[in-house]
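> next come a sequence and a model predicted from it.
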Amino acid sequence: MFSKNLPVKFILTHGALISLGMFGVYLLFTTFGVNPYLALFIVAFFGLLLGALIYLIAIARVIDAPHLSSLLATFSVNMIIIGLGTAIFTTTPRDTGFSLGSVQIGPVALQGTRLVAMVVTLTVTGALYTFLYRTRTGKYIRAVANNRAAAELMGIPSTAILALSFGIGTMLAAIAGGLISTFFSFTILSGGIYELKSFIIVVLGGLGNPLGALVGGLILGVLEGVLPLTMPNTWVPVIEFLLFVFILLVRPSGLLGSK
C-alpha cells in the first residue's frame with residue numbers, strides 16, 4: 001500500500017472494496033438505524049480485518065512474484081467480491097436517503113454531507129500522516145516499504161507489517177466508500193470509477209505520500225468541478241487521463257513524491 005511498487009500491484013482490489021464500504025454504511029443505516037458517520041467506525045474496523053485477511057490468503061503468496069502474478073491475484077479477489085456482491089445485492093442502485101441539508105455560501109449551495117465528508121477526509125489523512133511518521137509501527141511500515149530486506153535484518157516482522165499496511169489501505173477504501181454513499185446512489189459496480197481515478201490521484205500526488213494523495217485528490221476534484229463549466233461532461237474523463245499521461249511523462253514521481 002505505501003511502498004513504491006506495492007500500490008501498483010494492489011490497486012486492482014480497491015474498487016470492489018470501496019463498494020463494500022458503500023454497502024456497509026447503507027446496510028447499517030437502513031437495517032439497524034446506525035448513523036452513517038458512526039457506521040464508518042464499524043466499516044473501518046471490518047475493512048482493516050478484511051484487508052489483512054486478503055493479504056494473508058491471496059497476496060502474501062505472490063508478494064515476491066512478477067508484477068503480473070500480483071495483478072492477477074488482486075484482480076481475482078476483485079472479481080470474487082463483485083461476483084458475490086452482484087449475487088447478493090444485484091445491480092439495482094441503492095441510496096441511503098441520508099441528508100444534512102445544505103449550506104449557502106454566496107451563490108453556491110453545498111450539501112451538508114459533502115462538507116462533513118471533507119472534514120472526515122482531512123481528519124483521516126492527518127491521522128494517517130501522524131501514524132506513519134510519529135509512531136513506531138508507522139516507521140516500521142515506511143522501513144519495509146523502502147527496503148524490506150534491510151527492515152527484516154533490523155528485526156521488523158515484514159509479513160505482519162505488510163498485512164497491516166494492506167489492511168489500512170482496505171480500511172481507507174471502505175471509509176471512502178462509506179462517505180460517498182451518503183450523497184450518491186450506488187451499486188456493487190460503483191467502486192470501479194473511483195479505482196480508475198485513484199490511478200490519476202496517486203500519480204499526480206506522488207507514490208507513497210499520503211499528503212501527495214490528498215493534494216492529488218483536491219486537484220482532481222477542482223478539475224471535475226470547473227471543467228464542466230466550460231465543456232461537456234463527457235470530456236472530463238478525457239482531460240483527466242491526458243493529465244495522467246502528462247504527469248507520467250514529465251514528472252513520474254508526482255508533485256510530492258520522492259525520486
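Here it is on my side, so go on.

> for residue 104, which non-adjacent residue is spatially closest?
Using Cβ to Cβ, 6 or more residues apart in numbering and skipping residues adjacent in sequence, the residue nearest residue 104 is residue 110, 8.0 Å away. Yep, even glycine has a C-beta here, placed from its N, CA and C like the rest.

> surely that neighbour meets residue 102?
Yes - distance between residue 110 and residue 102: 6.2 Å, which falls inside the contact criterion (Cβ atoms under 8 Å).

> state the distance from the spatially most central residue of the chain to residue 194.
Among the residues of the chain, the smallest C-alpha distance to the mean C-alpha position (Cα atoms, centre = their mean) belongs to residue 173, namely 3.6 Å. Note on residue 173: its distance to residue 194, by Cβ to Cβ, to the nearest Å, is 9 Å.

> who touches both of those two?
With contacts defined as Cβ atoms under 8 Å, 6 or more residues apart in numbering, the residues shared by residue 173 and residue 194 are 14, 18.

> and the host helix or strand of residue 87, what other elements does it pack with?
Secondary-structure assignment from DSSP states H and E places residue 87 in helix 67-89. Using 3 or more Cβ pairs under 8 Å, 6 or more residues apart in numbering; DSSP states H and E as the contact criterion, the neighbours of helix 67-89 among helices and strands are helix 6-10, helix 14-32.

> could you point out which element follows that helix?
strand 102-105.

> packing partners for the helix or strand harbouring the residue nearest to the centre of the chain?
With the criterion set as DSSP H and E, the secondary-structure element containing residue 173 is helix 158-180. With contacts defined as 3+ Cβ pairs under 8 Å, 6+ apart, the packing partners of helix 158-180 are helix 6-10, helix 14-32, helix 36-54, helix 112-134, helix 136-146, helix 148-153, helix 191-205.

> let me see the mean pLDDT of the last one.
For helix 191-205, mean pLDDT is 85.

> could you do stretch 141-159 as well?
The predicted model assigns stretch 141-159 a mean pLDDT of 92.

> pull out the buried positions in it.
Within stretch 141-159, the residues that qualify as buried by neighbour count (16 or more other Cβ atoms under 10 Å) are 141, 142, 143, 144, 145, 148, 151, 156, 158.

> swap in stretch 214-221?
When neighbours are counted by 16+ other Cβ under 10 Å, the buried residues of stretch 214-221 are found to be 214, 215, 216, 217, 219, 220.

> please consider this matter closed, and thank you.
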